[in-house]
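Asker: coordinates only, sequence not included:
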């Protein structure tokens, strides 16, 4: 079950109710009797106790003992048919009624007030498990005792059609719902010999008394569909009953779901919970084959112990559909709803998941049932979690079989690209995640995008290697297939955004009353969210308590914070244009009346400047002859461009270094293509390069003549040059002479000369090196007496450092990490253009959205001329991962555009 650790099983319930209430807590307060003070206390039986809802009679205390402090007595029936305990002292304010020698789960004593509630329950056997639980009472004002159960209960009426395999309840705040601190309970609704419970039906689930707030409820049916809902249970006292009325209709988005909730035996692979099984025997790969699947699992097992042996024969020659060929008993296979699975080869049950090839030298193999809920070809998203065993040196193959094609996927939330030979890749119908990507033990999430799935489509999971010497094993959970939710592109008002604009995105949003999962709203093809209002009220960034938002391309809305009424939502969006799209990912919501309103747009003025770190000389597009890059530059028509990392470093599509003779871009005019040739394609006839010492130079291209005044590298301190070089250039624009200083700072946390790099990094000596670089650079240019008559300065580049103006967001306690930008701000007279244009906002320049390390600084004469400044995120510059782990398409930095009016 998603984000839930599932566990062992024990019991459940559903018999005729003695009374009914809906969506409220029925408190077992009992009565005071007839109001007559008596020396012979009466034991009052409450018809509203949880066990009464389960159909267990409260009228017979035969065979029960009563404990009053250390005194034990037997209840008797008086001449009026009332249960009493004879005269007692006033000191005895509480009593326990129990059955001596009762065998309660998990070693609880027969008279234990804290008798543990099983986390694994079976629909048809709750009474057997609960009938011997003790009852408790306090003396009331008339000297009588009103009995109540020591546990609470969820009484759930599920309406609708179909049949239910399981109901899982989880506490959101982590408080224990069941034994040993476990925060969930699973009710297996598949009856032995009778199959799943047909709806409408009523279900009772005993839970520990406690304070929960919200409970998540997952209902899974026999067609592998499900519904999530929530219930508010702020306080649940012993003896309380919470009645719920749920109309079941499976999610229209979820086509297939298997959270393995009915798998309750064995250890928790994550090691977070205790594991339980019917007995203490480790079944290995061949044991527990005669188990029916309905055995109560009260015996604790050690970490790593499975709940079953292999479900099907351990020979590929005997592999068949699970229903046709299984090693575990027929009853067990049906109790877990595995009959329609194609393969569960070398698969064992664990706590809330399955283990695939975990305890064997050869790989396991899983194939799901077909997507029978599909009625036409549909684009879908397959998501699942997998957890490789310790020492995993294998790969994970995922295949889409009998219809559909894999066209994309993400790994732990990071989208991956299709490239053969890569550590993680998707080609055609298969996906392959290799261990060499750093996939370590622990749960990982994978999402696979599939085009044109059909009702015959099924999915395969297995190790990549057929060798008997590799570590193949992994755990598998939360297999979910959803209809793909494509971005919305046809939005009224979007066509008005003919240039980069600031805009409002508005829509009406309504969550169904049972919505439980957060709604993700994203901008996949450009733009940043910079603020949001719901019903006119500003909403803070949900990632922190900061009132101002960073630039971000996605936002999560939690339905628990909003009613089921219709809400007006308005996002403020920067860097928006007509190619922007909006994607909604979630369930049980409706979105209507979407519109875009332009607030302002960026118009080119006298002089337009572009700064961009293009990562390894625009490695992303070099295999495409830079066509996309050139077209993008033409779109924005900058008068001057400053490119950081302007030289070819790697081979196209590869992490391998390119040879010097084959470099496409090398210095101002060198390389097989050359900047002078490339720049002419976007109407820049002039180029110049900074000091070029290590393949990471800065390139200046311009529509008007550009002159390099200085190439700056050596600082006069041995072993401490400006590592990536710098440059001082002049050009004319709008009748002005403009002085431009370019810089790419040394990138490491440590001093590159340090013998102990770890110690140097811990001391933040990299910041001191950068401070040395920038101090020297400023003294040679902006602060030099030689150029004191000059004005119109621009200082820009990738400075690999953080600004104190952003520390409201970073919250660094040390000032050393801010020292470079602090020096520039306090000693040069230059202004941070982005910070000045967006006061109080965090405007990250890296694609991952975490940091701002690219800056444009301007002298007062230039700052006064700034009309617009924007960090660009449009369709082409929206982040797209590459097949090389340290590269991003089109770059790992975002471009910055500044307009000046002279």
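Answerer: All right, it came through fine. Keep in mind the model is a prediction, meaning the values are calculated, not measured.
Asker: low-confidence stretches in this protein?
Answerer: Scanning the chain with the threshold set as pLDDT under 70 gives 1-40, 45-48, 58-59, 87-92, 415-428, 432-438, 513-516, 541-550, 883.
Asker: show me where it has helices.
Answerer: With helices called from DSSP state H, the chain shows them at 50-53, 126-130, 330-335, 615-622, 627-636, 675-680, 757-762, 765-780, 807-810, 819-827, 833-837, 860-863.
Asker: so which of those helices gets nearest residue 202?
Answerer: Between residue 202 and the helices of the chain, the tightest spacing by CB to CB is seen for helix 50-53, at 8.9 Å. All C-beta atoms are positioned from the backbone trio N, CA, C, and that covers glycine.
Asker: chain center to that closest one: distance?
Answerer: Computed by CA atoms, centre = their mean, to the nearest Å, the separation of helix 50-53 from the middle of its chain amounts to 39 Å.
Asker: helices or strands up against that helix?
Answerer: strand 152-160, strand 201-207 (3 or more CB pairs under 8 Å, 6 or more residues apart in numbering; DSSP states H and E).
Asker: buried stuff in that helix?
Answerer: 50, 51, 52, 53 (16 or more other CB atoms under 10 Å).
Asker: was I right about residue 478 contacting residue 382?
Answerer: No - using CB atoms under 8 Å as the test, residue 478 is too far from residue 382 to be in contact (10.8 Å).
Asker: comparing these two, which shows the higher neighbour count?
Answerer: Using other CB atoms under 10 Å as the criterion, residue 478 and residue 382 rank with residue 382 on top: 26 against 21.
Asker: and the more buried one, bridged to which residues?
Answerer: For residue 382, the beta-bridge partners are residue 448, residue 481 (DSSP bridges).
Asker: quick one, what contacts it?
Answerer: Contacts for residue 382 (CB atoms under 8 Å, 6 or more residues apart in numbering) come out as 398, 400, 447, 448, 450, 459, 479, 480, 481.
Asker: how long is stretch 63-71 end to end?
Answerer: Stretch 63-71 has an end-to-end distance of 17 Å (CA to CA, to the nearest Å).
Asker: give the buried residues for that stretch.
Answerer: 64, 65, 66, 67, 68.
Asker: from the buried residues of helix 50-53, pick the one nearest residue 404.
Answerer: residue 53 (46.2 Å).
Asker: what's the closest of the helices of the chain to residue 852?
Answerer: Nearest of the helices of the chain (CB to CB): helix 833-837, 7.5 Å.
Asker: gap between the closest one and the chain center?
Answerer: 33 Å.
Asker: so what does it touch, helix or strand wise?
Answerer: strand 854-858, strand 866-871.
Asker: neighbouring contacts of the longest one?
Answerer: Under the criterion CB under 8 Å, 6+ apart, residues 500, 528, 551, 574-575, 602-603, 605, 833-834, 836-838, 843-845, 856, 858, 894-901 lie in contact with strand 866-871.
Asker: so which elements touch the longest strand belonging to the chain?
Answerer: When the chain is scanned for its longest strand (criterion: DSSP state E), the result is strand 589-601. On a contact count with 3+ CB pairs under 8 Å, 6+ apart, strand 589-601 meets strand 501-511.
Asker: sheet-wise, list the partners of the strand it packs on with their directions.
Answerer: Partners of strand 501-511 in its sheet, by DSSP bridges: strand 566-576 (antiparallel), strand 589-601 (antiparallel).
Asker: tell me which of the ones you listed is the most buried.
Answerer: Comparing the strands paired with strand 501-511 by mean neighbour count (mean count of other CB atoms under 10 Å), strand 566-576 ranks first with a mean of 20.
Asker: tell me the angle it makes with strand 866-871.
Answerer: 110 degrees (axes from the mean of the first three to the mean of the last three CA atoms, to 10 degrees).
Asker: and residue 219, how far is that from residue 293?
Answerer: 20 Å (CB to CB, to the nearest Å).
Asker: sorry, that was for residue 668
Answerer: 74 Å.
Asker: for residue 175, same thing?
Answerer: 29 Å.
Asker: who's more crowded, the two?
Answerer: Remark: of residue 175 and residue 293, residue 293 carries more neighbours, 27 against 14, as counted by other CB under 10 Å.
Asker: how many residues are close by the closest residue to the more buried one other than its chain neighbours?
Answerer: Leaving out its chain neighbours, the residue that sits closest to residue 293 by CB to CB, 6 or more residues apart in numbering is residue 335, at 3.1 Å. The tally of other residues near residue 335 (other CB under 10 Å) stands at 25.
Asker: distance check, residue 335 against residue 320.
Answerer: 20 Å.
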